[in-house]
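Participant: just the structure for this:
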Amino acid sequence: MWLLNKFLTRLIRQGTLLLIDHDGTEYRYGEATASYPDVAIRLTDSRAAHSIVRDPRIGAAEAYMDGRLVVEQGDIRDLANLIRGNNPWEKGGALKARSPLRRAGEHMRHRLDHLNWHRRARRNVAHHYDLSDRLYDLFLDSDRQYSCAYFDAPSDDLETAQRQKKVHILAKLKLEPGVSTLDIGCGWGGTALAIHAITDGPVLGITLSEEQLAVAQHRAEAAGVAAKVRFELLDYRDVKGRFGRIVSIGMFEHVGPPNYRRFFHKCRDLLAEDGVMLLHTIGRMGGPGTTDKFTTKYIFPGGYIPALSEIVSASEKAKLIAADIETLRLHYGYTLDRWYDRTKAAKDAIVDLYDERFYRLWLFYLAGAGAAFRHGSMCNYQIQYARQRDALPITRNYLAEDESKLRKQLLPDRD
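Facilitator: Predicted coordinates for the structure are as follows:
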C-alpha cells in the first residue's frame with residue numbers, strides 16, 4: 001500500500017480523494033476545489049493496491065470490474081477525471097515514467113499487435129462491434145453513430161450533435177448530384193443513407209462486423225434504397241472500382257500503423273481523379289504512442305490511436321493532398337459524457353443482457369475514455385484529401401455555404 005500511497009500523494013493536488021484500504025486504514029489526498037467533486041474509494045482486498053501500482057490503468061479497471069475497488073462517493077467518472085485532471089497532457093502529465101527497456105518492449109508488442117492481417121482484422125472488429133444490438137441501442141443515438149459527435153454548444157443533446165456531425169462531414173465531402181461514394185467502416189449505415197439522400201447517387205458501405213452489416217442492409221431495404229445503397233462484409237483492401245467520394249468515420253483506428261501506407265495507397269487507387277475523401281479518426285496529440293493494456297485486452301484488440309504525424313506521413317507517400325485538417329479538441333469528451341449517462345441510466349437492462357462485471361467494464365471504458373479526451377492526449381482529426389489540387393474551391397468559404405444547405409435538409413428543426 002505504501003507504493004500506492006506515495007503515487008497518489010505525488011499525483012493528487014486539486015480535488016480530494018479518500019482511500020479506505022481493505023483493513024480500514026484511511027488515506028486522504030489533495031485539497032478541495034470547485035473544479036472536482038470529492039471522491040472516496042474503498043479497496044476490499046490486500047491485492048488491489050499492488051495491482052493498481054503495477055499497471056494503473058488495467059489494474060484499476062480489473063479491480064473495479066471485480067468489485068475490489070468500490071467508489072463510495074462520486075462515481076468512476078469522477079475518479080477518472082480527478083486522476084487525469086491532475087495530470088493534464090498540456091502540462092506534460094504522465095502517470096508514470098517508463099524505462100528505455102520497457103519502452104522498447106512496448107514498442108515491439110505494439111508493432112506485433114497491430115499487423116491486422118485480413119483474418120485478424122475481422123476477428124478484432126467482431127470482438128467489439130458484434131456485441132448485442134440491444135447494448136448499442138441503450139447508449140447510442142437513434143442512428144447508432146458510434147463516433148465523436150459535433151457540438152455547436154456543450155449543451156447540445158446527443159441526437160442533435162450526431163446529426164450535426166454528419167452535416168459537418170458531408171459538407172467537407174463537397175457532395176454533388178449522382179456522385180458515387182464509398183463508406184469505409186460504415187457502421188450501422190446511417191452516414192451512407194444520409195449521403196444517398198443528398199446525392200441520389202450509388203453508395204457502397206463496407207464493414208467487417210456481421211451484426212452491423214445485417215442492420216445496415218435492413219435499413220436500406222426498409223428505406224427502399226437497397227438498389228443504390230449497398231452494404232457488404234468486405235475488407236477495404238479487397239474493394240474494387242472508382243468512387244467520386246470516399247468517407248471513413250471511426251475506422252482508421254483499426255487499420256494499424258504497419259498498414260497505414262497501404263490504406264492510403266488503396267484509397268488513392270479507389271478515388272476518382274477529381275474525387276474528395278474525408279477521414280474522421282480519433283487522434284493523438286503529440287507524437288506516436290502505444291495502446292494501453294486495458295483497451296487492447298477488453299475493448300479494441302488491434303486498435304491504435306494515431307498521431308497526426310503518422311497519418312500525414314503515410315498519406316503524403318500516396319500523393320494524397322491534405323486539403324483541410326481540423327482538430328476536434330473537446331467534442332468527444334462531450335460525446336462520451338452523453339454515452340456514460342445513458343449507460344448508467346440503462347444499468348438494469350445491461351446487467352440483464354450480460355452481468356454486473358460487464359456493466360462495470362463498460363462504465364470504466366467510457367469514463368476512462370472521456371477523461372483521456374478531456375485531460376489527456378486524445379482528440380479527433382478530420383482530414384480532407386484530394387488527388388488533384390483543383391478538385392476543391394480555392395478557399396474554405398464553400399464549407400459554411402454547403403453546411404448551411406445541408407442543415408436545412410438534415411436538421412430542419414434547427415432552422
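
Participant: leaving out sequence neighbours, find the closest residue to residue 350.
Facilitator: Distances taken as C-beta to C-beta, 6 or more residues apart in numbering place residue 359 nearest to residue 350, at 4.8 Å, with adjacent residues excluded. (Glycine included, C-beta is placed from N, CA and C.)

Participant: any idea how far that neighbour is from residue 135?
Facilitator: 10 Å (C-beta to C-beta, to the nearest Å).

Participant: could you do residue 56 as well?
Facilitator: Relative to residue 135, and taking C-beta to C-beta, residue 56 is found at 27 Å.

Participant: can you name the residues that contact the residue nearest to residue 350?
Facilitator: Counting by C-beta atoms under 8 Å, 6 or more residues apart in numbering, residue 359 touches 343, 347, 350, 351.

Participant: list just the nearest of these to residue 67.
Facilitator: For those, the closest approach to residue 67 (C-beta to C-beta) belongs to residue 351, at 13.5 Å.

Participant: count of neighbours near the closest one?
Facilitator: Residue 351 sits with 14 neighbouring residues when counted by other C-beta atoms under 10 Å.

Participant: so where does it fall, helix or strand?
Facilitator: When elements are assigned from DSSP states H and E, residue 351 belongs to helix 347-353.

Participant: please list the outside residues in contact with that helix.
Facilitator: Counting by C-beta under 8 Å, 6+ apart, 132, 134, 135, 138, 343, 358, 359, 362 sit against helix 347-353.

Participant: just those residues: which are in helices?
Facilitator: Of the contacts of helix 347-353, the ones assigned to helices by DSSP state H are 134, 135, 138, 343, 358, 359, 362.

Participant: show me which of those residues are buried.
Facilitator: Among the ones in helices among the contacts of helix 347-353, those buried by neighbour count (16 or more other C-beta atoms under 10 Å) are 135, 138, 343, 358, 359, 362.

Participant: verify the stated contact: residue 33 with residue 15.
Facilitator: Yes. Taking C-beta atoms under 8 Å as the definition, residue 33 is a contact partner of residue 15 at 5.6 Å.

Participant: now, which of the contacts of helix 347-353 sits nearest residue 211?
Facilitator: residue 132 (8.4 Å).

Participant: list the residues that contact the closest one.
Facilitator: Per C-beta under 8 Å, 6+ apart, neighbours of residue 132: 353, 354.

Participant: poorly predicted segments of the stretch 51-200 of the chain, please.
Facilitator: 93-130 (pLDDT under 70).

Participant: circling back: more neighbours: residue 33 and residue 15, which one.
Facilitator: Taking other C-beta under 10 Å, residue 33 and residue 15 do not tie; residue 15 has more neighbours (23 against 13).

Participant: ok, the more buried one to residue 372 distance?
Facilitator: For residue 15, the distance to residue 372 - C-beta to C-beta - is 18 Å.

Participant: what's the burial count for residue 238?
Facilitator: 10.

Participant: now do it, the pLDDT please.
Facilitator: At residue 238, the model reports a pLDDT of 97.

Participant: also the one 5 residues further on?
Facilitator: Looking at residue 243, its pLDDT is 98.

Participant: who does it bridge with?
Facilitator: On the basis of DSSP bridges, residue 243 is bridged to residue 271.

Participant: that one contacts residue 275, doesn't it?
Facilitator: Yes. Here residue 243 lies in contact with residue 275, judged by C-beta under 8 Å, at a distance of 6.5 Å.
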